[in-house]
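J.: Here is my input; please provide its structure:
(one chain, ligands or ions: 1)
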Amino acid sequence: MDLESVRDSLIRQEDTIVFSLIERAKFPINSWAYSPPQNGVDAFSASSFLHSFVRESETLHAKAGRYENPEENPFFPDDLPPSMVPTHDYKQVLHPAGSSINVNKTIWDIYLNKLLPLFAAEGDDGNYGLTAACDLACLQAISRRIHYGKFVAEVKFKESPEEYGPAIHDQDRAGLMKMLTFEAVEEMVKKRVEKKATVFGQEVNLSDNSKSKETYKVDPSVVSRLYEEWVMPLTKQVQVEYLLRRLD
Ligand SMILES: C=C(O[C@@H]1C=C(C(=O)O)C=C[C@H]1O)C(=O)O
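T.: Numbering: from 1, shown residues only. Here you go, the predicted structure:
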């Protein structure tokens, strides 16, 4: 595992994220799935339909061994049943102290309250089960990408321990954030995901006159904004949290 292969995985995961958003955009917002929106109740713990849907799906996925894979992080990690499939010997790449970092609560809040209203049309078509299945796919894809920051951080640390070591000893968050940030890479990521949303989300017609109006299934600028404002900052936050524990 090196920085290039880790970045290749992040690039491939962009496809999954863009496609999952395109699938979710087939349905209107369908707010019933996210109620009851009780005032003052934390959206993550209120038992909305989506909450129950994700929780029960994760129970099934845990039995199927999904969370044995260190790249997968459940939204509701408490009380998950053990895996019932044959044990696979996943390579233990991550340092144990940082492997359980989980920012899914933040991801859940951002997805529901910030992202969804930006790309789902207003309205209710009653397809709550299908909508929740799409939400689950989006949440899992975004979560996998953001928590992949643990692997990115491990690789960066292994490539230059002498550079990261002192900042870890000093528990210097700002210093670590600066060291692991590559602005030129971030610019490319933003441009590439916008382009992917343009290519994957266009109407494909056999006749040429389709070029006249350009509409996309998910607004490409929303995908770029998703990465700029939430995905990349949270991936970096995971990297910082991981590095802070790297020498424990
Ligand atoms: C993931 C990395 O770390 C940082 C976060 C990035 C991202 O989330 O895409 C991109 C560049 C870096 O600023 C990386 O270096 O590839």
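
J.: In the chain, where is pLDDT below threshold?
T.: 36-46, 209-213 (pLDDT under 70).

J.: Quick test: name the residue nearest the centre of the protein.
T.: Ile142 (1.5 Å; CA atoms, centre = their mean).

J.: what are the ranges of the helices in the chain?
T.: 3-24, 49-63, 96-99, 104-110, 116-119, 128-147, 149-159, 161-169, 173-180, 183-200, 220-225, 232-244 (DSSP state H).

J.: Could you say which one of the ones you listed comes nearest to Val85?
T.: Val85 lies closest to helix 49-63 among the helices of the chain, at 8.0 Å (CB to CB). Yep, even glycine has a C-beta here, placed from its N, CA and C like the rest.

J.: for the closest one, packing partners?
T.: helix 128-147 (3 or more CB pairs under 8 Å, 6 or more residues apart in numbering; DSSP states H and E).

J.: got the buried residues for the helix it packs on?
T.: By neighbour count on 16 or more other CB atoms under 10 Å, the buried set for helix 128-147 is 128, 130-132, 134-147.

J.: Can you add distance to Asn30 and give the helices of the chain back as CSV?
T.: As requested, these are exported to CSV (distance: least, CB to CB, whole Å):
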stretch, distance to Asn30
helix 3-24, 10
helix 49-63, 9
helix 96-99, 35
helix 104-110, 17
helix 116-119, 10
helix 128-147, 5
helix 149-159, 31
helix 161-169, 45
helix 173-180, 37
helix 183-200, 22
helix 220-225, 18
helix 232-244, 25
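
J.: Around the ligand, which positions in the chain sit nearby?
T.: By CB under 6 Å from any ligand atom, the residues of the chain that approach the ligand are 7, 10, 152, 180-182, 185-186, 189, 232, 235-236.
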